[in-house]
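> Got a predicted structure plus its sequence, pasted below:
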Amino acid sequence: MTHVALDRLLPEYVRKFTAYIPSKPDEELMKLYGCSRLFRLNNNENALGPPPAAQEVVRKYPPPRAAVYPSGDVYYLRYKLASLFGMDPNQFIVGNGANEVIGFVIKAFCEKGDNIVTADRTFAVYEWMAQFSGFEPRLAPLRDYAFDEEGLLARIDERTKILFLCNPNNPTGMYWNEEKLRGCLDRIQDRLIVVVDEAYCEFVEADDFPDGLALIREYPNVVVFRTFSKMYGLAGLRVGYLAGSPDVVDAIRRTCIVYSVNALAQEAALAALGDQEHIARTRIMVAEGKRFLKKEIARLGLPMIVGEGNFVMIKLPMSDALAYRKLMTEGVMVRAMTGFRVPNHIRVTVATMDAMQAFVQALKKVLESQVRSARALGSL
Ligand SMILES: *Cc1c(COP(=O)(O)O)cnc(C)c1O
């Protein structure tokens, strides 16, 4: 076999980067852990699936259309977003999930020597994308599980191009209210781009939660991310978008790949957008699930962090990696948080009552087996 001179070819920041390992397909996991069904509570998906109209689009999609390229700039979806939010269609860029638009923004604004600022325990893709593109991610520790304004501002310098805020924050669910967000934007002024990632905004119950889209007019350096993966139940089709002021979006658009959002995804998202009944149903499910978990997890004596969004974080008296494996054998998949700098914690998606009951039951079993093995060790 010939050998590629990777040491010479690879930039140092790629050589040093460890690739993210996604989980195996459900079928493979079920074989591996010997379970006959699997509740997926690891990715904050919507257990109710997509809204009915989007389901209909997927069911009735004409197969021959698979041969035809989609709209390159996701025309109709951008027009519908614009009319729903009272903005211009040119203020939106739709991507292959919000994940893709993170890359668009970084590519548009960062050059050699630049950095980005965000929190140490938040959605990790901002940090990773900066790192493997050769830009320094500067991370401010959370304070009381929320983004810490002072810590973030202290890390900003003249080479900082983008501040990434996740509102509400994944994985802690904490959010900045309108006053807090405005205060920070006033201090930053137009020095850098402020991304407000609102992947979970449709789940938020608090009345003082800021609408990022409404702030763009006053703060033209704000870029908002949203997604169809969470509330709209379309994670498998990959649709997310960014919105900003026309000049900023014009600049970002130069770095976009057209045709990255497939035709079926565009139509399903168009049908899903703004379905208030679906949103209401999902919010009821999440509220019930959280109420149930609060009661049950308190009964187990475990600390739980409950904020906005369709997820909670639970602190365990054991390693989260071990808990993950044991829960898998019970047919429940959660997110182990050590890799995201929150050791001994798991993040659990709030889903149907069936799934929540299965989770609590499995967790009880795992904790009991932990107590038993601790006793056995103690008696040796
Ligand atoms: C899930 C998620 C996204 C990205 O979702 P896509 O599936 O790529 O649209 C972005 N930000 C946060 C905070 C998320 O939790």
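Received the coordinates, thanks. Numbers count the residues shown, from 1 in each chain.
> CA only for contacts and neighbour counts going forward, please
OK.
> isn't there a helix covering residue 346?
No: using DSSP: H, G, I helix; E, B strand; the rest coil, the secondary structure at residue 346 is strand, not a helix.
> Nearest spatial neighbour of residue 278, chain-adjacent residues omitted?
What sits nearest to residue 278 in space, not counting adjacent residues and going by CA to CA, 6 or more residues apart in numbering, is residue 51, at 5.7 Å.
> Identify the residues contacting the one you found.
Going by CA atoms under 8 Å, 6 or more residues apart in numbering, residue 51 touches 232, 233, 272, 275, 278.
> likewise residue 114?
Contacts of residue 114 by CA under 8 Å, 6+ apart are 135, 136, 159, 160, 161.
> Would you quantify the distance from the second one to residue 118?
Right, the one you point to is residue 136. 11 Å (CA to CA, to the nearest Å).
> quick one, which of the two is more surrounded?
residue 118 (29 against 20; other CA atoms under 10 Å).
> residue contacts, the more buried one?
126, 127, 137, 138, 139, 140, 152, 163, 164, 165.
> Export those as JSON lines, with columns for distance to residue 7, pLDDT and neighbour count.
Converted to JSON lines, these look like this (distance: CA to CA, whole Å; pLDDT from 0 to 100; neighbours: other CA atoms under 10 Å):
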{"residue": "126", "distance to residue 7": "26", "pLDDT": "98", "neighbour count": "22"}
{"residue": "127", "distance to residue 7": "24", "pLDDT": "97", "neighbour count": "21"}
{"residue": "137", "distance to residue 7": "23", "pLDDT": "98", "neighbour count": "22"}
{"residue": "138", "distance to residue 7": "26", "pLDDT": "98", "neighbour count": "19"}
{"residue": "139", "distance to residue 7": "28", "pLDDT": "98", "neighbour count": "17"}
{"residue": "140", "distance to residue 7": "32", "pLDDT": "98", "neighbour count": "20"}
{"residue": "152", "distance to residue 7": "35", "pLDDT": "98", "neighbour count": "21"}
{"residue": "163", "distance to residue 7": "32", "pLDDT": "98", "neighbour count": "25"}
{"residue": "164", "distance to residue 7": "32", "pLDDT": "98", "neighbour count": "22"}
{"residue": "165", "distance to residue 7": "35", "pLDDT": "98", "neighbour count": "24"}
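> Write out the residues of the stretch 51-200 of the chain neighbouring the ligand.
Residues of the stretch 51-200 of the chain found near the ligand (CA under 6 Å from any ligand atom) are 97, 98, 99, 123, 166, 170, 197, 199.
> Out of the contacts of residue 118, list just those in strands.
137, 138, 139, 140, 163, 164, 165 (DSSP state E).
> Am I right that the second one is in contact with residue 128?
No: the criterion here is CA atoms under 8 Å, and residue 138 misses it with residue 128 at 11.3 Å.
> Show me the domain layout of this protein.
By the assignment in automatic domain parsing, the chain contains the domains 11-49+276-372, 52-272.
> End to end on stretch 299-311, go ahead and measure it.
19 Å.
> Let's test this: mean pLDDT of it, rounded?
Mean pLDDT, computed over stretch 299-311, is 97.
> Need the contact partners of that stretch.
44, 168, 171-175, 200-201, 203-206, 286, 290, 294, 297-298, 312-316, 347-351, 364.
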